[in-house]
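> need coordinates for the following:
(one chain, ligands or ions: 1)
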Amino acid sequence: MKEPTESVILRCEDVTVEFDGFKAVRGMNLALARGELRFLIGPNGAGKTTLLDVICGKTKPAAGKVLFGASAAIDITRMKEHRIAELGIGRKFQTPSIFASLTVYENAELAMKQKRGVFAAMRARLRPEERDRIAAQLEMIGLADKARLRAGGLSHGEKQWLEIGMMLLQEPEILLLDEPVAGMTDDETARTGELLREIRKTRSVIVVEHDMEFVRTFASKVTVMHEGRLLTEGAMDEVQRDGRVAEVYLGKRRDADAGRSTA
Ligand SMILES: Nc1ncnc2c1ncn2[C@@H]1O[C@H](COP(=O)(O)OP(=O)(O)OP(=O)(O)O)[C@@H](O)[C@H]1O
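Numbering: from 1, shown residues only. Below is the predicted model of the structure:
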């Protein structure tokens with residue numbers, strides 16, 4: 001299932017990752033189109049997080065390539081993590097990395113200044129257009145009314161949204177999210193899905209997710225990994241009908257997921 005080359009923003013080709021001889025990812029292929037919201041699913045230990053680690057440069061593959069940019073022309077396989085981030089791949093981990101003692105606005109301000117680069121960041125004041133962008137971003141993540149509150153006092157879901165907002169202020173082309181709705185209330189989960197739909201209008205997103213109810217509601221295309229390999233890929237309803245998918249999930253599904261899922 002190869003995407004037309006011109007619309008591809010990221011391509012993983014035959015990526016293999018080894019940890020002390022154990023192959024966590026085995027010849028994995030993935031092509032992400034511009035403006036796509038892709039869900040990466042699979043049982044525990046399938047290699048999903050490791051693949052995100054390879055894309056953002058945190059882990060280097062033993063073999064294979066990661067290509068990024070217009071028509072996936074830039075080989076980022078051996079680039080340093082910070083360089084990949086500068087190029088436009090943002091990674092959000094499960095634990096929020098916001099500053100609890102600063103306000104929501106101050107956190108956003110820091111993210112904006114980080115985007116400017118070290119020298120410009122020393123300029124104390126933000127330009128009016130930068131302030132406007134922060135305001136628009138806080139509006140998008142639903143925290144405009146909480147701009148003056150300490151980030152540490154936000155709910156779990158709000159902290160996750162703030163972190164997503166801070167990443168967006170750095171204008172990545174691709175966002176990599178690892179279980180963004182873990183620990184969220186049903187309402188927060190639904191709002192996060194809407195936020196992802198909004199984000200994909202201007203950026204591409206890969207979401208590693210275990211919450212099958214969430215995936216069913218918000219996914220268009222799903223990639224299923226199993227034991228480091230691509231098991232199948234396609235529309236969620238097709239994937240759900242695939243007997244192999246049900247099989248690999250049987251007995252491996254997380255306890256937390258079992259209550260919500262009938263996949
Ligand atoms: N740094 C590491 N050293 C050794 N083994 C690792 C390391 N990181 C991951 N692994 C192993 O690689 C395999 C894939 O792990 P990974 O975290 O990528 O799976 P996953 O699909 O994200 O699982 P989960 O859904 O449980 O988060 C697992 O067997 C894991 O134990």
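> all contacts plus neighbour counts: C-alpha atoms, from now on.
Fine.
> measure stretch 224-236 end to end?
Distance between the two ends of stretch 224-236: 10 Å, counting by C-alpha to C-alpha, to the nearest Å.
> what do you get for stretch 135-152?
Span of stretch 135-152 from end to end, C-alpha to C-alpha: 20 Å.
> just the buried residues of that stretch, please?
Using 16 or more other C-alpha atoms under 10 Å as the test for burial, stretch 135-152 gives 135, 137-138, 141-144, 146-147, 149-151.
> so can I have TSV of these showing secondary structure and distance to the ligand?
Converted to TSV, the buried residues of stretch 135-152 look like this (DSSP: H, G, I helix; E, B strand; the rest coil; distance: C-alpha to the nearest ligand atom, whole Å):
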residue	secondary structure	distance to the ligand
Ala135	helix	34
Gln137	helix	29
Leu138	helix	29
Ile141	coil	26
Gly142	coil	28
Leu143	coil	29
Ala144	helix	32
Lys146	helix	32
Ala147	coil	33
Leu149	coil	32
Arg150	strand	31
Ala151	helix	27
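> can you redo these as JSON lines with pLDDT?
JSON lines is the format used below for these (pLDDT from 0 to 100):
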{"residue": "Ala135", "pLDDT": "96"}
{"residue": "Gln137", "pLDDT": "96"}
{"residue": "Leu138", "pLDDT": "97"}
{"residue": "Ile141", "pLDDT": "97"}
{"residue": "Gly142", "pLDDT": "96"}
{"residue": "Leu143", "pLDDT": "97"}
{"residue": "Ala144", "pLDDT": "97"}
{"residue": "Lys146", "pLDDT": "97"}
{"residue": "Ala147", "pLDDT": "97"}
{"residue": "Leu149", "pLDDT": "98"}
{"residue": "Arg150", "pLDDT": "97"}
{"residue": "Ala151", "pLDDT": "97"}
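> what is the nearest of those residues to Ala72?
Gln137 (27.9 Å; C-alpha to C-alpha).
> who's in contact with the closest one?
Gln137 makes contacts with 165, 168-169, as judged by C-alpha atoms under 8 Å, 6 or more residues apart in numbering.
> of those, which belong to strands?
Members of the contacts of Gln137 lying in strands (criterion: DSSP state E): none.
> from those residues, which ones fall inside helices?
Among the contacts of Gln137, the members falling in helices (DSSP state H) are 165, 168-169.
> among these, who's most crowded?
Neighbour counts for these, by other C-alpha atoms under 10 Å, peak at Gly165, which reaches 25 neighbours.
> got the CA positions of stretch 172-184 in PDB?
Extracted in PDB, the C-alpha atoms of stretch 172-184 (Å, rounded to 0.1, in the frame of the first residue of the first chain):
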ATOM      1  CA  PRO A 172       6.600  20.800  13.900                       C
ATOM      2  CA  GLU A 173       5.500  19.200  10.600                       C
ATOM      3  CA  ILE A 174       5.000  15.800  12.300                       C
ATOM      4  CA  LEU A 175       3.800  15.200  15.800                       C
ATOM      5  CA  LEU A 176       4.500  11.900  17.500                       C
ATOM      6  CA  LEU A 177       2.300  11.100  20.400                       C
ATOM      7  CA  ASP A 178       2.600   8.100  22.800                       C
ATOM      8  CA  GLU A 179      -0.700   7.200  24.400                       C
ATOM      9  CA  PRO A 180      -2.100  10.700  24.700                       C
ATOM     10  CA  VAL A 181      -5.400   9.800  26.300                       C
ATOM     11  CA  ALA A 182      -4.000   7.400  28.900                       C
ATOM     12  CA  GLY A 183      -5.400   8.400  32.300                       C
ATOM     13  CA  MET A 184      -7.900  10.800  30.800                       C
END
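> does the ligand sit close to that stretch?
No. Counting by C-alpha under 6 Å from any ligand atom, the ligand has no neighbours in stretch 172-184; the shortest distance is 8.4 Å.
> contact partners of that stretch?
Counting by C-alpha under 8 Å, 6+ apart, 49, 52, 85, 87-94, 156-157, 160, 188-189, 192, 203-211 sit against stretch 172-184.
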